[in-house]
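1. the amino acid sequence is not available; the structure is as follows:
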């Protein structure tokens, strides 16, 4: 078995070549060098896969190539052997498939791709992340009632025999499955005070998908976009991808400083705001600012994207209705997602758009992914209409309230020397203010080295000075996890302060 | 019950107001006019929904509004009544929510939205369509093994308790779920000769989603795009949405006329081709043209989008490998979808991109919808790895072969006076050539008036003269449906020719 050992050491997970190609190259080398002899039997693909820790498909792909090129011979029922008559010419390894001009540049020459698009995508959007403490804005997916969900799915599948349900396998409405739109309109009407009908709802693959399409539809290259600072990085990315110009507008304790937005970009075509709970600082947009923003938008002919994130889990105080509810001119587009209420892997969200924009959105939605998966939409619609969504949100609200209390207590007991945290009235994370001399960036790096995830608000800031603030999520973690996380962080801070 | 009758007549499905709003307005009118009296009991929401043919949610929404404004009173266990003390002030009906400037224009003022984007979206992308004969390119969803699919789903749900599977509820890889990418790489390698690994696969919400993102990534506004004429309308829409300039390039019996493309747009940055089966005419791109296209693309630094549609169901002859298999410089991006192999409501497709573009695509994919739904991806991966996909495609190939034979026979027997159709070696529809004096547009309109769907190729043409050709799909229809459809069409043609 020395061959396997040597292979196992050599098959690194290099980013520049697929695994099956690496395995192919290695085997060609071994055969060429004579370390595997003609006629020798290779281990089974199953054993190889297990020993190398790769999928069996990877092994099969490599073997297929080697067989088609005459290096290996399959013997039915017996296994795979090194060919007795090896090809005279060894194949060129990993044929150069990349334009040499690009390859020479080391990475993709930007002149080959559209210069304005996607040049500045934040890592938070790009990398899948498991929820390690203290990941913010992540629901307790382990508490999701997956059995109930599976039961609904099974019912739905059984009903697919009927003609009406059978439509779910076919092509869907780009605007969204009608019963889901009805349920969404009702949900935002009851919970957030929106005056809208199913006609105003467009279903998307999450809120970011909707925000991105709104930018494409509403912006002309070169136009200005007000973005909160600190603020959601997805709007910066999508503005740039639409060829527009994101303008950082400061926020204070009343939310976005409208006067400053007007001073910096009076001609802006679009404003992105999180009025219910500013992302990431958490304050509510004051009523005065709401009216000022709407008044300016009406006069300027600008559109307002309202991201109503993190409002479902409220622990204290009364919610203010959405900004959308104050809009009499149809300037506000409202965005929501099921990622927090249900689970992130679902990929369903929605936009509530003014009547005048419905046609443009449906049209554009049909070009960008056509429509959302039908069975999933039907499942969510049923989960909502049966009251399961509301019940789940209620359960999670109670759980998250307890988890927040626990985290605040944990921080006070274990991390009080380095930070203080305030309770949040709504949402899934608290903000902690660091003691003098500590920077959020520094704490985040300390934490990352120990397998924790802490978001320094400076990562979401352009000009704003918020390096003394960090975010600590509580919703996804058990008390044990939070205990352990705080202790790891405490030890790290002790070490670093001692040094 | 006269109220209900009157309501039923009045509730039109107006596009400018949601149904619940219309119902609300009508009920306020009736109450104000005294035709429903204070204290009178209203029919149950269930009865109203049934009688008006709207969803019960619509009724509930209208009732909720009327209750919150004091017009109706719910009595627990007894029903809903018109309030005894009506509000003095009747509410304003349907408050003007639209900018008067827009409203006056009758429809959306284009100056309000980005002029280059989505201004020309084809109806084929926009409207959901049930498969009525002779819809092209639509699988027999009623033959989909939904029980087996549901069984796999149930297994997957049961496994979600384990930690690894639990990740499916969380955030996914923007590039796509790894086991699915492995299965796709293997599938396109074995069935289409592609030399690629899971590393080159990006999972999308269908092929059109991928094509649209490719346009955004690879095109700079103002650049030219070669589009086949006649050809796929999605590429025209996405080129325009990216600010680029689609250039119609003719096709002949060898496929796209490369020399003509070079003459018309020598500097084009992108080429869209369907080499395996030209959409919609059906010929294969000749080997000579393949080399000419690749040679030009290499020299010009252009990208080639290869849409490998309709190759899974082959009835005769040997498939030629994909164009991608000839590409040594990494200029070809290959697109595929599960909409035909599985079902359209699934919304999963993929792009195989050159190594040099992977990073850019993953980055952009994360902005445009983040990632595809995880449970769905896992389900498809398992369906593939268990061999179910291959088995289903084999079953459908046999079914579609029989259906094609039947349709050709039907056309010869019933429609021979007006058209002749040739068998197709692969795919889900045949092309019929109309007798002199008949136009495809005319036949399509005749058919549409009788509830049939026939695609005249002129709908997909810019300069090409193809009005004597129509497409007739067979894959989704039983022999009875095809019989009936041909007879309806025959009668329509007789009438029209007699006139």
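-> Yep, it's here. Everything quoted here is computed from the prediction, not taken from an experiment.
2. can you pull the pLDDT of the residue lying closest to residue A:46 once chain neighbours are set aside?
-> Nearest residue to residue A:46 in three dimensions, chain neighbours excluded: residue A:56, at 6.2 Å (CB to CB, 6 or more residues apart in numbering or on different chains). Where C-beta positions appear, they are placed from N, C-alpha and C, glycine not excepted. With respect to pLDDT, residue A:56 has a value of 75.
3. next: residue A:68.
-> So residue A:68 comes in at 61 (pLDDT).
4. how about residue A:74?
-> Confidence for residue A:74, expressed as pLDDT, is 77.
5. any residues touching the helix or strand hosting it, and which ones?
-> Assessed by DSSP states H and E, residue A:74 sits inside strand A:72-75. If you take CB atoms under 8 Å, 6 or more residues apart in numbering or on different chains as the criterion, strand A:72-75 is touched by A:42, A:63, A:66, A:67, A:80, A:81, A:82, A:83, A:84.
6. figure out how far the helix of greatest length in chain A is from the centre of its chain.
-> Ordering each helix of chain A by length in residues (DSSP state H) puts helix A:388-414 first. Remark: helix A:388-414 is offset 22 Å from the chain centroid, using CA atoms, centre = their mean, to the nearest Å.
7. what residues sit buried inside it?
-> A:388-390, A:392-393, A:396, A:399-401, A:403-404, A:406-408, A:410-411, A:414 (16 or more other CB atoms under 10 Å in any protein chain shown).
8. give me phi/psi at residue A:80?
-> Phi and psi for residue A:80, reported as degrees, to the nearest 10, are phi -120, psi 140.
9. and the residue lying closest to it once chain neighbours are set aside, how far from chain B?
-> Setting aside the residues directly before and after it, residue A:80 is nearest to residue A:42 in space (CB to CB, 6+ apart), at 4.8 Å. Applying CB to the nearest CB, to the nearest Å, the value for residue A:42 to chain B is 19 Å.
10. give me the pLDDT for residue A:42.
-> On the pLDDT scale, residue A:42 gets 82.
11. that one: what's it in contact with?
-> A:36, A:48, A:72, A:79, A:80, A:81, A:82.
12. can I get the buried part of those as one ChimeraX selection?
-> The buried subset of the contacts of residue A:42, as determined by 16+ other CB under 10 Å, is captured in ChimeraX by this line:
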select /A:36,48,72,80,81,82
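13. for the contacts of residue A:42, which one is nearest residue B:270?
-> Closest approach between the contacts of residue A:42 and residue B:270, by CB to CB: residue A:72, at 39.4 Å.
14. and that closest one, how close does it get to residue B:185?
-> 20 Å (CB to CB, to the nearest Å).
15. count of residues packed around the closest residue to chain B within the stretch 51-200 of chain A?
-> Distances between the stretch 51-200 of chain A and chain B by CB to the nearest CB are smallest at residue A:197, namely 2.0 Å. By other CB atoms under 10 Å in any protein chain shown, the residues close to residue A:197 number 24.
16. would you agree it is in contact with residue B:57?
-> No - Residue A:197 is beyond contact range of residue B:57, at 10.3 Å (criterion: CB atoms under 8 Å).
17. select the longest strand from chain A.
-> strand A:245-252 (DSSP state E).
18. give the pairing partners of the helix or strand just after that one; include direction for each.
-> Heading C-terminal from strand A:245-252, the first helix or strand you meet, by DSSP H and E, is strand A:255-256. Strand pairing for strand A:255-256, using DSSP bridges, gives strand A:245-252 (antiparallel).
19. what mean pLDDT does the strand it pairs with get?
-> pLDDT averaged over strand A:245-252 gives 97.
20. buried ones in that strand?
-> Buried-residue list, strand A:245-252, by 16+ other CB under 10 Å: A:245, A:246, A:247, A:248, A:249, A:250, A:251.
21. equivalent analysis for stretch A:327-334, please.
-> Buried-residue list, stretch A:327-334, by 16+ other CB under 10 Å: A:327, A:329, A:330, A:331, A:332, A:333, A:334.
22. report the two of those residues separated the most.
-> A:329 and A:334 (14.3 Å).
23. packing partners of the helix or strand where residue A:235 lies?
-> Assigned by DSSP H and E, residue A:235 belongs to helix A:233-241. Where contact means 3 or more CB pairs under 8 Å, 6 or more residues apart in numbering or on different chains; DSSP states H and E, helix A:233-241 is packed against helix A:123-126, helix A:207-218, strand A:224-229, strand A:245-252, helix B:355-367.
24. can you name the element that comes right after the first one?
-> So that's helix A:123-126. Past helix A:123-126, the next helix or strand by DSSP H and E is helix A:146-159.
25. so which residues make contact with that following helix?
-> So helix A:146-159 is contacted by A:165, A:168, A:375, A:378-379, A:382-383, A:386, A:388, B:146-147, B:149-150, B:153-154, B:157-158, B:160-161, B:169 (CB under 8 Å, 6+ apart).
26. tell me what angle that helix forms with helix A:388-414.
-> 160 degrees (axes from the mean of the first three to the mean of the last three CA atoms, to 10 degrees).
27. may I see the buried residues of helix A:146-159?
-> Buried residues in helix A:146-159 (16+ other CB under 10 Å): A:146, A:149, A:150, A:152, A:153, A:156, A:157.
28. what's the answer for stretch A:301-312, then?
-> A:301, A:302, A:303, A:304, A:305, A:306, A:307, A:308, A:309, A:310, A:311, A:312.
29. so how far is that stretch from its chain's centroid?
-> Stretch A:301-312 sits 18 Å away from the centroid of its parent chain (CA atoms, centre = their mean).
30. now the buried residues of strand A:245-252 in a markdown table, please, with extra columns for distance to residue A:451.
-> Listed next are the buried residues of strand A:245-252 as a markdown table, based on distance: CB to CB, whole Å:
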| residue | distance to residue A:451 |
| --- | --- |
| A:245 | 38 |
| A:246 | 33 |
| A:247 | 37 |
| A:248 | 32 |
| A:249 | 36 |
| A:250 | 34 |
| A:251 | 32 |
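31. now do the contacts for the nearest residue in space to residue A:327 that is not next to it in sequence.
-> Nearest non-adjacent residue to residue A:327, counting by CB to CB, 6+ apart: residue A:294, 6.1 Å away. Each residue near residue A:294 by CB under 8 Å, 6+ apart is listed here: A:304, A:323, A:326, A:327, A:329, A:331, A:332.
32. isn't the first one up against residue A:268?
-> No - using CB under 8 Å, residue A:304 and residue A:268 do not qualify as a contacting pair, with a distance of 10.4 Å.
33. what number of residues lie near residue A:34?
-> 8.
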